[in-house]
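In: from the sequence below, what's the structure:
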Amino acid sequence: MVEPIDLTDERYIGFADLLDHLHAQFPTVARDRIARIIEAENDAITGGFLLVVPAEVATGAIEMLELSTARTLDDGEGVA
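Out: Numbers count the residues shown, from 1 in each chain. Take a look at the predicted model:
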């Protein structure tokens with residue numbers, strides 16, 4: 001039997017950790033179904049807004065913006 005997850009003193013839990021725990025607790029439910037349920041609950045609580053993202057997201061976003069800005073400048077267009 002899987003021990004219930006104790007979130008009493010927690011404000012956040014990692015998506016993968018929650019997915020793993022819920023799949024262990026409900027092994028007959030497909031992981032992708034559990035993932036969709038987690039996403040739906042998150043959307044219901046947050047209104048679909050990302051409140052917390054991994055720091056790597058910022059790094060990746062900067063890289064993508066630098067690339068797109070460089071391409072725009074190379075094409076002779078200004079950046080908005």
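In: all helices for the protein, in order.
Out: With DSSP state H as the criterion, the chain has helices at 15-25, 31-46, 55-74.
In: quick check: angle from the shortest one to helix 31-46?
Out: With axes from the mean of the first three to the mean of the last three Cα atoms, to 10 degrees as the basis, helix 15-25 and helix 31-46 are set at 120 degrees to each other.
In: and the helices of the chain as TSV, adding distance to D6, mean neighbour count and mean pLDDT?
Out: Just so you know, the C-beta spots here come from the backbone N, C-alpha and C atoms, and that holds for glycine as well. As requested, those are exported to TSV (distance: least, Cβ to Cβ, whole Å; neighbours: other Cβ atoms under 10 Å; pLDDT from 0 to 100):
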stretch	distance to D6	mean neighbour count	mean pLDDT
helix 15-25	11	14	92
helix 31-46	18	12	93
helix 55-74	26	10	84
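In: with distance to T8 as extra columns, can I get those in CSV?
Out: CSV is the format used below for those (distance: least, Cβ to Cβ, whole Å):
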stretch, distance to T8
helix 15-25, 15
helix 31-46, 18
helix 55-74, 26
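In: look up how far A24 lies from L18.
Out: The gap separating L18 from A24 is 11 Å, by Cβ to Cβ, to the nearest Å.
In: hmm, who's touching stretch 52-66?
Out: Stretch 52-66 is contacted from outside by Y12, using Cβ atoms under 8 Å, 6 or more residues apart in numbering.
In: centre of the chain to it, how far?
Out: 13 Å (Cα atoms, centre = their mean, to the nearest Å).
In: would you mind writing the CA trace of it as PDB?
Out: Taking C-alpha atoms only, stretch 52-66 is exported to PDB below (Å, rounded to 0.1, in the frame of the first residue of the first chain):
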ATOM      1  CA  VAL A  52       6.400  29.100 -10.700                       C
ATOM      2  CA  VAL A  53       8.800  27.800 -13.400                       C
ATOM      3  CA  PRO A  54      12.200  26.200 -13.200                       C
ATOM      4  CA  ALA A  55      15.100  28.600 -13.500                       C
ATOM      5  CA  GLU A  56      16.200  26.800 -16.600                       C
ATOM      6  CA  VAL A  57      13.100  28.200 -18.300                       C
ATOM      7  CA  ALA A  58      14.500  31.700 -17.900                       C
ATOM      8  CA  THR A  59      17.800  30.600 -19.500                       C
ATOM      9  CA  GLY A  60      16.000  28.900 -22.400                       C
ATOM     10  CA  ALA A  61      13.800  31.900 -22.900                       C
ATOM     11  CA  ILE A  62      16.700  34.300 -23.000                       C
ATOM     12  CA  GLU A  63      18.500  32.100 -25.600                       C
ATOM     13  CA  MET A  64      15.400  31.900 -27.800                       C
ATOM     14  CA  LEU A  65      14.800  35.700 -27.500                       C
ATOM     15  CA  GLU A  66      18.500  36.400 -28.300                       C
END
